[in-house]
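J.: sharing a sequence plus its predicted fold:
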Amino acid sequence: MATNENECIVKNLYMNEGSIESIRYFECRKSLMEMLRDRGYNVCQSEITLSLNEYRQRFGAVPKPESLGVCVSLNSNPSNKVQVVFTGTEDIRKKTMTDIYGQIVDKERLSRLILIVQSNMTAFARRELENCPYKVEIIKLNDLVVNVTKHVLQPKFEVLTADEKQEVLKKYKIGEKQLPHMLRTDAIASYFGLERGQVLKISHSGEMFNSLVTYRCVV
């Protein structure tokens, strides 16, 4: 009985402070901002440290998905921008894509569009994506509830540049295909938005060993 009472108290507190759905969006948006920062985009620290109360003051207790989007520039090339759009709970149709294109801030300098989805996409909508002049990436909302790189047991990840990749191949006197593989669908590869041929440096540390560095090539 006590357990049920405690659960009710917790639920009531959440409902008094705002919708539980807003908490889910809050966690997802925080992970998104961390992900963009880790990909090398110019993300303000205040966006990452935004508290739940500040978030609710800004977006409301029941936030509209379209209000959560963001457009940021790459630190190494400010003219290279990414636009992130949160879609709603209804199926994504061709008209939905037209509405999404309307949310794009800087079409001229956009190099990537990220859709945070929580519903199905029709074949007509997918066909519409094929006509986009920039890279389109689709991420499920639930995959951002937790930042997969921040688990206590996760090692440190670094995406190598093309030159750094060649240095590794030269150092070990191997070809790209001889490196251990990582699928593009892997959660870590998706987090960093890695393409085929990119190499990830993985640094392990812990009680079992002082340090261990491995590499994975995305296939």
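T.: Done, it's in.
J.: which is the next helix or strand following the helix or strand where Ile188 lies?
T.: According to DSSP states H and E, Ile188 maps onto helix 187-192. Downstream of helix 187-192, the first helix or strand assigned by DSSP H and E is strand 199-204.
J.: so what secondary structure elements neighbour that following strand?
T.: Contacts defined by 3 or more CB pairs under 8 Å, 6 or more residues apart in numbering; DSSP states H and E place strand 199-204 against strand 156-159, helix 162-172, helix 187-192, strand 212-218. Where you see a C-beta, it was placed from the backbone N, CA and C, and this is true even at glycine.
J.: circling back: name the residues of the helix holding Ile188 that are buried.
T.: Buried residues in helix 187-192, counting neighbours by 16 or more other CB atoms under 10 Å, are found at Ile188, Ala189, Ser190, Tyr191, Phe192.
J.: can you redo these as CSV with distance to Cys44 and pLDDT?
T.: Shown next, in CSV, are the buried residues of helix 187-192 (distance: CB to CB, whole Å; pLDDT from 0 to 100):
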residue, distance to Cys44, pLDDT
Ile188, 25, 94
Ala189, 26, 95
Ser190, 24, 94
Tyr191, 20, 95
Phe192, 20, 95
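J.: for Ile174, state which of those residues is nearest.
T.: Nearest to Ile174 out of those is Ala189 (CB to CB; 20.4 Å).
J.: check contacts around Leu50.
T.: Contact partners of Leu50, counting by CB atoms under 8 Å, 6 or more residues apart in numbering, are Lys30, Arg58.
J.: quick one: secondary structure of it?
T.: Classification of Leu50 using DSSP: H, G, I helix; E, B strand; the rest coil returns coil.
J.: how near is it to Val85?
T.: From Leu50 across to Val85, the span is 19 Å (CB to CB, to the nearest Å).
J.: ranges for the strands of the protein?
T.: 70-74, 77-86, 110-117, 135-140, 156-159, 181-182, 199-204, 212-218 (DSSP state E).
J.: for the longest one, which residues meet the burial criterion?
T.: In other words, strand 77-86. Neighbour counts over strand 77-86 (16+ other CB under 10 Å) mark Lys81, Val82, Gln83, Val84, Val85, Phe86 as buried.
J.: what sits opposite the third one in the beta ladder?
T.: It refers to Gln83. Following DSSP bridges, Gln83 is listed with bridge partners Cys71, Leu113.
J.: what number of residues lie near Met121?
T.: Residues near Met121, counting by other CB atoms under 10 Å, number 18.
J.: my guess is it meets Asp91, correct?
T.: Yes - Met121 lies in contact with Asp91 (CB atoms under 8 Å); the separation is 7.2 Å.
J.: wait, what's in contact with Arg127?
T.: The neighbours of Arg127, taking CB under 8 Å, 6+ apart as the test, are Lys94.
J.: same thing with Pro180?
T.: By CB under 8 Å, 6+ apart, the contact set of Pro180 is Thr214, Tyr215, Arg216, Cys217.
J.: now Val213
T.: Contacts for Val213 were tallied using CB under 8 Å, 6+ apart; they are Lys201, Ile202, Ser203, His204.
J.: before we move on, the earlier item: out of the contacts of Pro180, which comes closest to Ile114?
T.: Closest approach to Ile114 among the contacts of Pro180 (CB to CB): Arg216, at 22.5 Å.
J.: contact partners for the residue nearest to that closest one when sequence neighbours are not counted?
T.: Distances taken as CB to CB, 6 or more residues apart in numbering put Met182 closest to Arg216, at 3.8 Å, once the chain neighbours are dropped. Applying CB under 8 Å, 6+ apart to Met182 gives the contacts Ile188, Ala189, Leu194, Leu200, Arg216, Cys217, Val218, Val219.
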